[in-house]
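Engineer: have a look; sequence and predicted model below, questions after that.
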Amino acid sequence: MTNGDYVYVSIAPLEYPHPDFGNFTWQNFDALDTIAKEAYKSLLLIRPVSTDVNSTKRETFFRTAIGLSKTEYNYTYGRRLNITEMPSPFTISSYASIYMLAQVLNETQRNGSRQPFVSANLASKFYDRCFATPLGEFCFDRNGQRRIGLEVTQYSPLSDALDKQIFNVDKFNLSLVALQAVTWATGPTMTWPVPNIPLCGFSGQEGECADQGPRYTITWTVATSVSLLVLIIIACVLARRVMLNDAQLQSQRWEIDLSLLQKPFTEDGDALDRRFGIPPRTEKLPDATEKLTKTVATVQETGKACLKEQAVWIKSYKTCRRNSVMVKPSKKYQRCLNNLYDLRHPNLVAFMGVVTQAGPDITLLVNEWCSRGNVREMMDTNRVQVDWQIKNSLISDLVQGLRFIHQSTFTCHGSLTPNVCLVDVRLTLKIAELGYREILTLGFGVPTWDQVHGTDDTRLALYNAPEVMTSSDGTRTETPEADVFAVGKIIQGIATDFGWLKLEGPVVLGPDCPWMTKQEVLLCLKPNPRERPTALRLVRNLARTNSRLLEKIIVRMGAYAEELEEAVVARTLELEEEQRRCDMLLLEMIPVEIVHKLRHGMPVHPELFDSVSLSFSNLIGFLDFITLSAPLDVIRLLNTSHGLFDQVIMGYDVYKVETIGDSYFLSSGLPDRNGHRHAFEISSCAVQLRQAFESDEAIKECPVTLQIQAGIHSGACVASVVGLKMPRYCL
């Protein structure tokens, strides 16, 4: 205890010596005083600082208390342990407490309080004030805790007592102030602070004093082996992680093949044959390249497509080859796409990939589809009654998405406007176009602000923070504080239905806007970026307005609406399929032009054709076949012959008018005029009918020899639809 290996700390509960708490002196007037004096040099004493009253007043109070104890309670103080006995500290504390309580009661009565003895009112009088008492000044903080100064003392060789003040703690600011240098028992060269563990440890056999024999060698060998093993394991884990990251980069999960994109609807022209996928005989079917070109054009025009039977939103950018530097994707570009591909949050539009094969100067970015468009369009269309409950929900989604972006690897968005705040079918707001500038910059050179976000500077300037500047080369400074400014403008637009937004002027939010929302918007629009709130604060103050019941109702309504929309789409597709079948059947009976007129309620007038060719054909020997065959066999023969004829006429410009028994009635140049080719088409078709009939194996197996004869006539003809019930196209 005397060699300086340890420092002892003791606490004195009172600011003055009292026999009930021991005597802090090394003198006991015996043979151990010399050793105790050396030990006291390693002792630090922490005690309260004397209150603002001198010792004379305190001694006067003590004598008064001793006298009253003798006269009032017949108790006489004496001497204990060669020390004059003093009043009990509990007696002194009780007196000070009652003295301060009396002051509070007097103040309460003077103020005329209606409930002067309520404990809460009395307790509040003690907060954040000081009381002057005969024992000194007593101060309390705002929580009712007593403020008391402390001092740290050590042994002083001048006075042979623990009265050298080395540290002081002020009772108001609670700061530690060094008053004098600490003198350690080992001498003035001892450093501060002293070691927590002695050089030889607490057992005396540690550190420099440990045994250096075989045990130390074994320990060192084991420690070295374990360290090497740990380093090898760490190196293997890091190497595997690097390999997985490289494999992930090389896999290019974000790359989407153009052939997987499909148009969200079919192109149906005015003609019914084109609508139902029946191209004219002279038109070539589109090849794969032509189909992909049409798909890209449609996607660029509509901004939507289907990817694996899922609706997606497409953002198209022009990336010219002369500006493109992406011969081989760089690792930064791939890492940026991987990070964006892995980002998933309920209030962030999911990035699904990029299409680079759309064309030499076209890049398509594929994203999650939000059916209600951006928040401005949703509020302008009035399809949804947007009250403050829905507005609070939209604002909550906006700030939560902003916090997620600021906590991600991208740190900020940089281009927040209502156009990138999309709303899905469940009325959930999602932020889109995150990381677009990084993708286009790393993959296709440095794009300007206009290339990425358009040239509508007036519209975009509304959401630009004052400190955001666009340089001459089109680059911009993007910070989280600028995102907060843009969010303030968007919240202002949501609160006013985007009807009060101006480039200059006071902030207008409407009378129904919640007070907390108004305060946060005003802070978001501060010109000084340092005065704007963080995204975390916005979430704490604005993302707590929705009750769980409201969230459940909105989710249920959204799910019901989505199911209803899917059911409507399915029924519509079924109806269109049935309509297509009906139209196909109708086209087999009546020409296309007549169907158009009947569908649109137009009258069908008889039409004169100046030059057409007609063909009438029947079967020779058919009556003998009827006599020798059963009725079912007759029907089978007619079905075989007429089906064969139907296949043949598909290769010629002829129209099948009708069939009566074994007769087969054809026309050419009617209903579609073909100039003077009608005679050639009808003659060639008749010859082909004869050859196909004679070479058919089923016809040869008939018990009667059958032959086909045809008659052809050319001239003028009148055609029209006859009848109202089961109308027929008659010549």
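Structural biologist: Thanks, I have the structure now.
Engineer: out of the helices and strands in the chain, which is least certain?
Structural biologist: None of the helices or strands of the chain scores lower by mean pLDDT, DSSP states H and E than helix 272-275, at a mean of 36.
Engineer: residue 352 looks like it's in a strand, true?
Structural biologist: Yes: the assignment for residue 352 is a strand, going by DSSP: H, G, I helix; E, B strand; the rest coil.
Engineer: for the nearest residue to it once chain neighbours are set aside, what are phi and psi?
Structural biologist: Leaving aside its sequence neighbours, residue 352 sits nearest to residue 366 (Cβ to Cβ, 6 or more residues apart in numbering; 4.5 Å). Where C-beta positions appear, they are placed from N, C-alpha and C, glycine not excepted. Here is the backbone geometry of residue 366 (degrees, to the nearest 10): phi -100, psi 130.
Engineer: ok, residue 366 touching residue 355?
Structural biologist: Yes: applying Cβ atoms under 8 Å as the test, residue 366 and residue 355 come out as touching, 6.5 Å apart.
Engineer: residues contacting residue 166?
Structural biologist: Residue 166 makes contact with 44, 152-154, 178-182, according to Cβ atoms under 8 Å, 6 or more residues apart in numbering.
Engineer: what do residue 366 and residue 355 both touch?
Structural biologist: Residues touching both residue 366 and residue 355 (Cβ under 8 Å, 6+ apart): 256, 261.
Engineer: what's the burial count for the residue nearest to residue 352?
Structural biologist: 22 (other Cβ atoms under 10 Å).
Engineer: next: the one 3 residues further on.
Structural biologist: Residues within reach of residue 369, counting by other Cβ under 10 Å, total 22.
Engineer: going forward, the N-terminal residue is numbered 14.
Structural biologist: I'll keep to 14 as the first residue from here, and by that count the last item is residue 382.
Engineer: distance of it relative to residue 138?
Structural biologist: Residue 382 sits 65 Å away from residue 138 when distances are taken as Cβ to Cβ, to the nearest Å.
Engineer: likewise residue 349?
Structural biologist: For residue 349 relative to residue 138 (Cβ to Cβ), the value is 63 Å.
Engineer: who has more neighbours, those two?
Structural biologist: The neighbour comparison of residue 349 against residue 138 (other Cβ under 10 Å) goes to residue 349, with 20 against 16.
Engineer: does that one sit in a helix or strand, and which one?
Structural biologist: In this assignment (DSSP states H and E), residue 349 forms part of helix 344-355.
Engineer: for the helix ranked longest in the chain, name the packing helices and strands.
Structural biologist: If you go by DSSP state H, the chain has its longest helix at helix 561-600. Using 3 or more Cβ pairs under 8 Å, 6 or more residues apart in numbering; DSSP states H and E as the contact test, the elements touching helix 561-600 are helix 285-288, helix 401-420, helix 605-612.
Engineer: quick one on the thing from earlier: and the helix holding residue 349, how far out from the chain's middle?
Structural biologist: 17 Å (Cα atoms, centre = their mean, to the nearest Å).
Engineer: kindly report the same for stretch 156-173.
Structural biologist: From the chain centre to the centre of stretch 156-173 is a distance of 56 Å (Cα atoms, centre = their mean).
Engineer: same question for stretch 167-185.
Structural biologist: Worked out by Cα atoms, centre = their mean, stretch 167-185 lies 60 Å from the chain centre.
Engineer: pull the CA atoms of that stretch into PDB?
Structural biologist: Provided in PDB are the C-alpha atoms of stretch 167-185 (Å, rounded to 0.1, in the frame of the first residue of the first chain):
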ATOM      1  CA  GLN A 167      -4.900  14.400  -1.400                       C
ATOM      2  CA  TYR A 168      -2.200  14.500   1.200                       C
ATOM      3  CA  SER A 169      -0.300  17.700   1.600                       C
ATOM      4  CA  PRO A 170       3.200  17.500   3.200                       C
ATOM      5  CA  LEU A 171       2.800  21.100   4.300                       C
ATOM      6  CA  SER A 172      -0.100  20.500   6.600                       C
ATOM      7  CA  ASP A 173       0.200  16.700   7.000                       C
ATOM      8  CA  ALA A 174      -3.500  16.500   6.100                       C
ATOM      9  CA  LEU A 175      -5.800  15.600   3.200                       C
ATOM     10  CA  ASP A 176      -6.400  19.300   2.300                       C
ATOM     11  CA  LYS A 177      -4.500  19.700  -1.100                       C
ATOM     12  CA  GLN A 178      -7.200  20.400  -3.700                       C
ATOM     13  CA  ILE A 179      -6.300  18.800  -7.100                       C
ATOM     14  CA  PHE A 180      -9.700  18.800  -8.800                       C
ATOM     15  CA  ASN A 181     -13.000  20.700  -8.400                       C
ATOM     16  CA  VAL A 182     -16.500  20.000  -9.800                       C
ATOM     17  CA  ASP A 183     -18.700  23.000 -10.200                       C
ATOM     18  CA  LYS A 184     -22.300  22.400  -8.900                       C
ATOM     19  CA  PHE A 185     -23.900  24.300 -11.800                       C
END
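Engineer: give me the buried positions along it.
Structural biologist: The neighbour-count check on stretch 167-185 (16 or more other Cβ atoms under 10 Å) flags 167-168, 175, 177, 180-182, 184 as buried.
Engineer: now, which of those sits nearest residue 645?
Structural biologist: Within the buried residues of stretch 167-185, the smallest distance to residue 645 is 116.8 Å, found for residue 182 (Cβ to Cβ).
Engineer: distance of that closest one from residue 354?
Structural biologist: For residue 182, the distance to residue 354 (Cβ to Cβ) stands at 57 Å.
Engineer: ok, now residue 140?
Structural biologist: 57 Å.
Engineer: and if you look at residue 603?
Structural biologist: 55 Å.
Engineer: for residue 323, which non-adjacent residue is closest in space?
Structural biologist: Nearest one to residue 323, counting by Cβ to Cβ, 6+ apart, is residue 382 at 7.6 Å.
Engineer: pull the contacting residues for that neighbour.
Structural biologist: Residue 382 neighbours (Cβ under 8 Å, 6+ apart): 317, 323-326.
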